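1. Provided below are the primary sequence and the corresponding predicted coordinates.
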Amino acid sequence: MIVLAPVYEPRQRLLAFVRDLRDAAPDARVVVVDDGSGPASASALDAVRELGCEVLRHGTNRGKGVALKTGFRHIARSHPGHDVVCADADGQHRVADVLRVAGALHDDERIVLGVRRFDGTVPLRSRIGNGVTGLLFRAATGVGVRDTQTGLRAYSHALLDWLLAVPGERFEYEMNILLEAVRDGHPVRQTVIATTYLADKESSHFASLSDSVRIYLPLLRFTASTLLAAPRPRR
């Protein structure tokens, strides 16, 4: 198993995540893709490199989608035949859940999502936003996904070339993956994980308005293309 962690301006939580992962799964390989962080993040990146992580770096911030593709491309070239678990190494994903999602990936399942429960102390706007996105996704595709924005996902090694061909450079890339999976018939399994929200989303780099627009546009395009492709009734 290879854990792929795209990061931007990582803090010490990255180091804690890698240490916990090493303790729980010593054989796991970790690939960190730094998406153009500044000098303040150098110490955290150097520390995880010393722990044995492979650290790839972008000179400028290019977006989460590009960072994931950089990781997929490296893994396909340097570690062929290995399945990949993508995780946000900022404290939102517990190592136990990373391993749970990895364990749920079987030969007949190409994609596994770690889906959060949106109840309890989840912020209201996050609960509403996920609910609306889920309804729109079901309306567009006919498929129910409980957490379309989860960053904890496992992919079969057989999908790496396919993942590199999916369009998207920023947060919309993960939505595009789900839409393309539905279109191309790749099965998606969902397994429940813990819901963790940091204070004021202090680790998040999600720009509410602009990134929300990027996420919803693929849904609209998918719906439009489906409607245009539908056979017209005979008169």
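-> Okay, I see it. Residues are numbered from 1 along each chain as shown.

2. does Met175 belong to a helix or a strand, and which?
-> For Met175, the element it lies in under DSSP states H and E is helix 172-184.

3. and what of Pro167?
-> Using DSSP H and E, Pro167 falls outside every helix and strand.

4. so what secondary structure elements neighbour the helix holding Met175?
-> Counting contacts by 3 or more Cβ pairs under 8 Å, 6 or more residues apart in numbering; DSSP states H and E, helix 172-184 packs against helix 64-78, helix 124-141, helix 160-165, strand 188-193, helix 208-229. For the C-beta atoms, the positions are set from N, CA and C on the backbone; glycine is no exception.

5. pLDDT of stretch 85-98, averaged?
-> Averaged across stretch 85-98, the pLDDT comes to 90.

6. one step back: report the angle between the axes of the helix holding Met175 and helix 64-78?
-> 70 degrees (axes from the mean of the first three to the mean of the last three Cα atoms, to 10 degrees).

7. Would you indicate which residues of helix 172-184 are buried?
-> By neighbour count with 16 or more other Cβ atoms under 10 Å, helix 172-184 contains the buried residues Glu172, Tyr173, Glu174, Met175, Asn176, Ile177, Leu178, Leu179, Glu180, Ala181, Val182.

8. and among the helices and strands packed on helix 172-184, the most buried is which?
-> With neighbours taken as mean count of other Cβ atoms under 10 Å, those reach their highest mean count in helix 64-78, at a mean of 20.

9. Not counting its own residues, what contacts that one?
-> With contacts defined as Cβ atoms under 8 Å, 6 or more residues apart in numbering, helix 64-78 is touched by 2, 4, 6-8, 31, 33-35, 54, 56, 58, 82, 84, 86, 157, 160-161, 163-164, 168-174, 176.

10. Now a ChimeraX select for only the buried ones of those.
-> If you want just the buried ones from these in ChimeraX, going by 16+ other Cβ under 10 Å, the selection is:
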select :2,4,6,7,8,31,33,34,35,54,56,58,84,86,157,160,163,168,170,171,172,173,174,176
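
11. that older thread, out of the helices and strands packed on helix 172-184, which is closest to Val115?
-> strand 188-193 (4.7 Å; Cβ to Cβ).

12. What is the distance between the closest one and the centre of its chain?
-> Relative to its chain's centre, strand 188-193 lies at 13 Å (Cα atoms, centre = their mean, to the nearest Å).

13. residues contacting Ala5?
-> Residues near Ala5 by Cβ under 8 Å, 6+ apart: Leu14, Phe17, Val30, Val31, Val32, Val33, Cys86, Ala87, Asp88, Ala89.

14. Provide the secondary structure category for the nearest residue to it once chain neighbours are set aside.
-> Excluding the flanking residues, the one nearest Ala5 by Cβ to Cβ, 6 or more residues apart in numbering is Ala89, at 4.0 Å. What DSSP: H, G, I helix; E, B strand; the rest coil gives for Ala89 is coil.

15. for Val55, same thing?
-> Following three-state DSSP, we place Val55 in the strand state.

16. That one: neighbour count?
-> Number of residues near Val55 (other Cβ atoms under 10 Å) recorded here: 15.

17. Pairing partners for it in the sheet, please.
-> Beta bridges link Val55 to Val32 when assigned by DSSP bridges.

18. tell me the contacts of it?
-> Val32, Asp34, Leu45, Val48, Arg49.
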